[in-house]
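1. quick one, fold the following:
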Amino acid sequence: MGEQRVTLPITGMHCANCAFTVERALKRAGGVSDAAVSYASEQANITFDPTLVNSSELVQRVQSAGYDVVTAHVELPITGMTCANCAATVERTLNKLPGVVEAVVNLATERASVAYIPGATSVAAMIQAIEAAGYGVVQAVEEQKLEDMEAQARAREIADQTRKFWVGVAFSLPLFVLSMARDFGLLGSWAHAAWVNWLFLALATPVQFYTGWDYYVGAYHALRNRTANMDVLVSMGSSIAYLYSLAVLLAPGAGHHVYFETSAVIITLIKL
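-> Reported below is the predicted structural model:
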């Protein structure tokens with residue numbers, strides 16, 4: 001069997017170095033002869049030997065690097081299966097198709113549940129393979145277009161990032177205003193009371209660990225893959241300001257000024 005090519009729609013990349021991380025992870029897979037990842041198009045074009053690696057393993061490689069692949073799911077009603085070996089045959093046939101991430105066939109319900117990469121294979125190709133194996137499909141299943149699947153995945157990602165940004169704004173803005181006003185002496189003596197720093201901590205923490213959580217996850221995967229990207233830079237820079245301020249708060253002798261607004265504003269502005 002010759003080499004095959006597949007295009008994976010990738011989500012979760014924030015910079016060109018993210019694309020490099022995904023590309024390196026794919027090239028390390030045995031059986032991959034070439035992999036090119038574009039940050040601009042958010043796609044990975046891969047040439048591989050299907051006898052050594054399959055689509056499911058390629059998707060797992062991307063996921064282990066800290067990113068995700070747009071996949072579709074379809075249920076196919078199968079006819080002609082009489083025993084467990086029939087179900088195993090259909091399942092094996094589907095899993096051999098390029099672009100199929102996972103196929104599970106249930107003999108009791110006579111249905112095949114297939115996760116696949118839109119654009120790499122199609123429902124028509126699955127039906128053809130099942131029929132070639134000696135079984136049938138009750139009805140044709142209308143397939144959703146690749147563009148629709150990708151658009152939905154991108155929309156979900158944008159909605160998630162937008163929600164996290166506005167949470168960051170809601171907490172960072174009062175934190176920044178209060179902190180700057182105190183530093184410039186625009187507030188009364190009450191602003192220097194110990195409880196104010198605890199208020200700053202309460203405002204900064206949701207930004208640090210909700211709005212900024214994606215940066216920690218991305219940094220973990222980047223470092224695990226022995227590389228550094230924007231996620232590492234943002235998580236390190238914001239964490240230093242946050243942890244130093246926390247140390248000052250818990251041990252006043254360690255310093256006199258907290259910088260919770262710095263960590264919160266860094267995360268929120270970059271999330272924008």
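2. pretty sure T71 contacts V101?
-> Yes: look at T71 against V101 with C-beta atoms under 8 Å: they come within range, at 5.7 Å. To be clear about C-beta, it is placed using only N, CA and C from the backbone, and glycine gets the same treatment.
3. for S263, give its distance to M236.
-> In this structure, S263 and M236 are 11 Å apart, going by C-beta to C-beta, to the nearest Å.
4. now T71
-> T71 is 32 Å from M236, by C-beta to C-beta.
5. about what we covered before: what do T71 and V101 both touch?
-> V59, A115, Y116, I117 (C-beta atoms under 8 Å, 6 or more residues apart in numbering).
6. what residues are up against the first one?
-> Listed by C-beta under 8 Å, 6+ apart, the contact partners of V59 are L8, V69, T71, V101, I117.
7. now do the same for the nearest residue to the first one once chain neighbours are set aside: its pLDDT.
-> With C-beta to C-beta, 6 or more residues apart in numbering as the criterion, L8 has its nearest non-adjacent residue at 4.4 Å, and that residue is A44. pLDDT recorded at A44 is 91.
8. so A44 bridges to which residues?
-> Under DSSP bridges, the beta-bridge partners of A44 are L8, V37.
9. count of neighbours near it?
-> Residues near A44, counting by other C-beta atoms under 10 Å, number 25.
10. got a list of what it touches?
-> Going by C-beta under 8 Å, 6+ apart, A44 touches T7, L8, I10, V22, E23, L26, A35, A36, V37, S38, V62.
11. pLDDT at the closest residue to the fifth one other than its chain neighbours, what is it?
-> Think E23. Closest residue to E23 apart from its sequence neighbours, by C-beta to C-beta, 6+ apart: V37 at 4.1 Å. Listed pLDDT for V37 reads 91.
12. could you measure V37 against K27, distance?
-> 10 Å.
13. quick one: which of these two has more around it?
-> V37 (26 against 15).
14. just to check, that one is in contact with A16?
-> No: counting by C-beta under 8 Å, V37 does not reach A16; the two are 9.6 Å apart.
15. identify the contacts common to these two.
-> Common neighbours of V37 and A16 (C-beta under 8 Å, 6+ apart) do not exist.
16. higher neighbour count, T71 and M236?
-> In this view T71 and M236 are compared by other C-beta under 10 Å, and T71 has more residues nearby, 21 against 12.
17. can you pull the domain assignment for this protein?
-> With domains defined by automatic domain parsing, the chain comprises 1-70, 71-144, 149-271.
18. one step back: distance of the residue nearest to L8 from A72?
-> In terms of C-beta to C-beta, A44 sits 17 Å off from A72.
19. please identify the helix or strand for V217.
-> Per DSSP states H and E, V217 falls inside helix 213-224.
20. now the angle between helix 213-224 and the next helix or strand after that helix, please.
-> In the C-terminal direction, the helix or strand that comes right after helix 213-224 (DSSP H and E) is helix 230-250. If you take axes from the mean of the first three to the mean of the last three C-alpha atoms, to 10 degrees, helix 230-250 sits at 120 degrees to helix 213-224.
21. so what touches stretch 106-116?
-> 55, 71-79, 81, 83-84, 86-87, 90-91, 94, 97, 99-105, 126, 130.
22. helices - which of those residues land there?
-> Counting by DSSP state H, the part of the contacts of stretch 106-116 found in helices is S55, A84, C86, A87, V90, E91, L94, M126, I130.
23. would you turn these into CSV with neighbour count, distance to P206 and pLDDT?
-> Shown next, in CSV, are these (neighbours: other C-beta atoms under 10 Å; distance: C-beta to C-beta, whole Å; pLDDT from 0 to 100):
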residue, neighbour count, distance to P206, pLDDT
S55, 28, 39, 84
A84, 10, 51, 85
C86, 18, 54, 84
A87, 21, 49, 89
V90, 25, 49, 90
E91, 19, 45, 91
L94, 24, 45, 92
M126, 25, 45, 90
I130, 22, 50, 89
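24. which one of those is nearest A219?
-> S55 (28.1 Å; C-beta to C-beta).
25. ok, now which ones touch that closest one?
-> Listed by C-beta under 8 Å, 6+ apart, the contact set of S55 reads V6, P98, G99, V100, V101, Y116, I117, A120.
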